[in-house]
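Novice: quick one: sequence plus predicted model below, questions after.
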Amino acid sequence: MAQAPACARWFRGFWSVRVIERPDHMSAFEFVVVCAMRTEQLIKGSTPRVPAAHRHTTTAREEVATGLVVREPAPPNDKPLP
């Protein structure tokens, strides 16, 4: 039998893989960037906001997809351009 992916399980003779979909209000680029930043935090020891039974990247994707982790807008830059 083939090696299963980390997020897969054997179900009725097939590998069942759980797909994490990005929220509709986020672009794909924003989703990837926020997930990457959250993954760094998890690697450095932050407490996961969902049960962490997966790799850091999967945990970060679940947190962002469910809305537990959001991006804060950057503060306005009040300095005039030269």
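Specialist: Perfect, thanks for sending it.

Novice: mind checking pLDDT for residue 23?
Specialist: With respect to pLDDT, residue 23 has a value of 88.

Novice: okay, now it: neighbour count?
Specialist: 12 (other CB atoms under 10 Å). The way it works is simple: take the backbone N, C-alpha and C, and place the C-beta from them, glycine included.

Novice: ok, it to residue 30 distance?
Specialist: 10 Å (CB to CB, to the nearest Å).

Novice: for residue 64, same thing?
Specialist: Residue 64 is 9 Å from residue 30, by CB to CB.

Novice: and these two? which has more neighbours close in?
Specialist: Taking other CB under 10 Å, residue 64 and residue 30 do not tie; residue 64 has more neighbours (26 against 14).

Novice: hang on, the more buried one is in a helix, isn't it?
Specialist: Yes. Under DSSP: H, G, I helix; E, B strand; the rest coil, residue 64 falls within a helix.

Novice: the protein: helices as residue ranges?
Specialist: 28-43, 56-66 (DSSP state H).

Novice: next, format these as CSV and append mean pLDDT.
Specialist: Formatted as CSV, the helices of the chain follow (pLDDT from 0 to 100):
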stretch, mean pLDDT
helix 28-43, 95
helix 56-66, 92
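
Novice: JSON lines for these, including distance to residue 50?
Specialist: Formatted as JSON lines, those follow (distance: least, CB to CB, whole Å):
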{"stretch": "helix 28-43", "distance to residue 50": "11"}
{"stretch": "helix 56-66", "distance to residue 50": "5"}
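
Novice: most tightly surrounded among those helices?
Specialist: Neighbour counts (mean count of other CB atoms under 10 Å) averaged over each of the helices of the chain peak at helix 56-66, with a mean of 20.

Novice: what does it contact?
Specialist: Contact with helix 56-66 is made by 6-7, 20-23, 26, 31, 34-36, 38-39, 42-43, 48-50, 52, 54, 69-70, as judged by CB atoms under 8 Å, 6 or more residues apart in numbering.
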